[in-house]
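> My questions are about this predicted structure, shown below with the sequence.
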Amino acid sequence: MISPGSTNPKVTDEGGANVFRVIGRDDQQGTIAGDYLADNHSKGNIAIIHDGEAYGLGLAEFTKRQLNKRGVTEVIFDSYKQDQADYKSLVGKLANKKIDVLYAGGYLNDIGIIIRQAKKALPNLRLFSGDTLVSPEFLFVAGEAGEGTYFTFGPDMRLKQEAAEVVAAIRNEDDFEPEGYTLYGYGAVQAWAQAVKQAGSLKPEAVINTLKTGSFDTVIGKTGFDEKGDVTGMSTFVWYVFGKEDYSLAK
Amino acid sequence: MKTTIFGTLVGVFMSIVCGIAAAQAEIKVGIADSLSGADANAGEQTEMGALKAIAHLNDKGGLLRGGCRHFSGRCVRAAASQGSSTATGERWCYFRCRARLFWLFACRQQHL
């Protein structure tokens, strides 16, 4: 298995010899987020929230761990229920504590609704989150309240020279914008196919060994895998920010 | 003339036989992702990327030798919720495989 989107550390830490990923891990993502909050918002009131699920809770915990390691303590660390239309109770807590900065571990729809409702009580609230926000769809849910939201995701592979032909093919032939995980999915198949070719076999042991020792020219760059199966040869996460209609690389 | 007709018939027969052989030699790739619920957006993107990569693999003649009685690469079939033979170029891969075989045998018979 080569995953283009599984960021939970346990995937490769506990997944076994045949598990690989071409995207970064949540401990890396949380460290980047924790450092950013400590560097830029240490004097503000920070809240970290999560949906209690493996992804959201994990990401929130890794962010908290790094923030605390840097000597900054959050005012709120709390959970919310998924798929709610009304987050009045959570928003009330954020307003009571006069939260300036919100870090949310969870999925796009819930976070979009939360920020839409929270900004009515806290107009200057700044939202930070993780890789699941990587779609302009976030703005459909959050509306204007979503503008200025920061999130981490892997490098935008659409900008890579190696990906130009594939990006054009997907746009022209499929009428699909190859954003987010699209090229990571493409790259995962490419890495596997090249490993099979290099191994000259479909036998699992041969393919696994080749994946762990070889390097592969893919649309996400020249990549390889470490002993655990985590991707090597590329930056794991960078910051993006939402504008009025879409997201872009944060400066 | 008789040789040409015979060659053509042999070509058709072999292309059908090898078409079946190619289907048996196909490589199946499972694609698992979330197409509903909270992470549906990411699932759609992932699946699109993986299906396109498989289509491009098939466009280039498949993977490894062993398709069409070793005359070509093995066609790759995506086992995905939205994946289809059309999307991944798998039918085209088999067609090209059979066409190649037909051409090889027809030419061979003509030159006997």
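Perfect, thanks for sending it.

> model confidence over the one helix or strand residue A:152 maps to, on average?
If you go by DSSP states H and E, residue A:152 is part of strand A:150-153. Mean per-residue pLDDT for strand A:150-153: 98.

> Quick check: neighbours of it in the sheet, parallel or antiparallel?
strand A:126-129 (parallel), strand A:238-242 (antiparallel) (DSSP bridges).

> Name the stretch among those strands that sits most buried.
Counting by mean count of other CB atoms under 10 Å in any protein chain shown, strand A:126-129 has the highest mean neighbour count of the strands paired with strand A:150-153, with a mean of 24. In short, each C-beta sits where N, CA and C put it, glycine included.

> Return the distance of that strand from the chain's centre.
Strand A:126-129 sits 13 Å away from the centroid of its parent chain (CA atoms, centre = their mean, to the nearest Å).

> do stretch A:197-214 as well
With CA atoms, centre = their mean, you get 29 Å for stretch A:197-214.

> Not counting it itself, show me its contacts.
With contact meaning CB atoms under 8 Å, 6 or more residues apart in numbering or on different chains, stretch A:197-214 is reached by A:2, A:17-18, A:20, A:191-192, A:194-196, A:224-227, A:229, B:27, B:63-64.

> How about stretch A:59-69?
So stretch A:59-69 is in contact with A:7, A:26-27, A:29-31, A:33-35, A:37-38, A:46, A:48-50, A:73-74, A:77, A:103-105, A:130, going by CB under 8 Å, 6+ apart.

> Dump the C-alpha coordinates for that stretch into CSV.
The C-alpha trace of stretch A:59-69 is given here as CSV (Å, rounded to 0.1, in the frame of the first residue of the first chain):
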residue,chain,number,x,y,z
LEU,A,59,-3.1,16.7,14.9
ALA,A,60,-4.4,18.8,17.8
GLU,A,61,-2.3,16.9,20.3
PHE,A,62,0.9,17.2,18.2
THR,A,63,0.3,20.9,17.8
LYS,A,64,-0.3,21.3,21.6
ARG,A,65,2.8,19.3,22.4
GLN,A,66,5.0,21.5,20.3
LEU,A,67,3.4,24.7,21.5
ASN,A,68,3.9,23.7,25.2
LYS,A,69,7.4,22.6,24.4
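
> All the helices of the chain, in order from the start?
All of this is about chain A. A:10-13, A:26-41, A:54-69, A:88-96, A:108-121, A:137-142, A:164-174, A:182-199, A:204-213 (DSSP state H).

> other chain: chain B
B:2-24, B:40-59, B:85-88, B:90-110.

> Mean pLDDT lowest where, among these?
For these, where the average pLDDT is lowest is helix B:2-24, sitting at a mean of 56.

> quick revisit: mean neighbour count and mean pLDDT added to the helices of chain A, as CSV?
Putting those into CSV (neighbours: other CB atoms under 10 Å in any protein chain shown; pLDDT from 0 to 100) gives the following:
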stretch, mean neighbour count, mean pLDDT
helix A:10-13, 17, 96
helix A:26-41, 20, 98
helix A:54-69, 21, 98
helix A:88-96, 16, 98
helix A:108-121, 21, 97
helix A:137-142, 19, 97
helix A:164-174, 15, 97
helix A:182-199, 25, 97
helix A:204-213, 16, 97
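
> Tabulate those helices in a markdown table, adding columns for distance to residue A:155.
Below are the helices of chain A laid out as a markdown table (distance: least, CB to CB, whole Å):
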| stretch | distance to residue A:155 |
| --- | --- |
| helix A:10-13 | 20 |
| helix A:26-41 | 13 |
| helix A:54-69 | 19 |
| helix A:88-96 | 32 |
| helix A:108-121 | 20 |
| helix A:137-142 | 19 |
| helix A:164-174 | 14 |
| helix A:182-199 | 10 |
| helix A:204-213 | 21 |
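
> Residue A:243 is nearest to which of the ones you listed?
helix A:137-142 (8.8 Å; CB to CB).

> which residues sit against that closest one?
A:108-109, A:111-113, A:115-116, A:146-147, A:149, A:242, A:244-247, B:41.

> Pick out whichever of those sits closest to residue A:136.
Scanning those for proximity to residue A:136, where the rule is CB to CB, the winner is residue A:246, at 4.7 Å.

> tell me the contacts of residue A:109?
A:83, A:141, B:38.

> Adding distance to residue A:13 as columns, could you present those residues in CSV?
Converted to CSV, the contacts of residue A:109 look like this (distance: CB to CB, whole Å):
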residue, distance to residue A:13
A:83, 29
A:141, 32
B:38, 23
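
> How much space separates the residue nearest to residue A:70 when sequence neighbours are not counted from chain B?
In space, and not counting its chain neighbours, residue A:70 is closest to residue A:38: 3.6 Å by CB to CB, 6 or more residues apart in numbering or on different chains. According to CB to the nearest CB, to the nearest Å, residue A:38 and chain B sit 28 Å apart.

> My guess is residue A:38 contacts residue A:46. True?
No - contact status for residue A:38 versus residue A:46: not in contact, 9.3 Å apart, counting by CB atoms under 8 Å.

> Mutual contacts of the two, please.
What both residue A:38 and residue A:46 touch, as defined by CB under 8 Å, 6+ apart, is the set A:67, A:72.

> residues in contact with the residue of the stretch 151-251 of chain A found nearest chain B?
For the stretch 151-251 of chain A and chain B, the shortest gap (CB to the nearest CB) falls at residue A:185, measuring 2.7 Å. In this structure, residue A:185 makes contact with A:4, A:5, B:45, B:46, B:47, B:48, B:49, B:50, B:53, judged by CB under 8 Å, 6+ apart.
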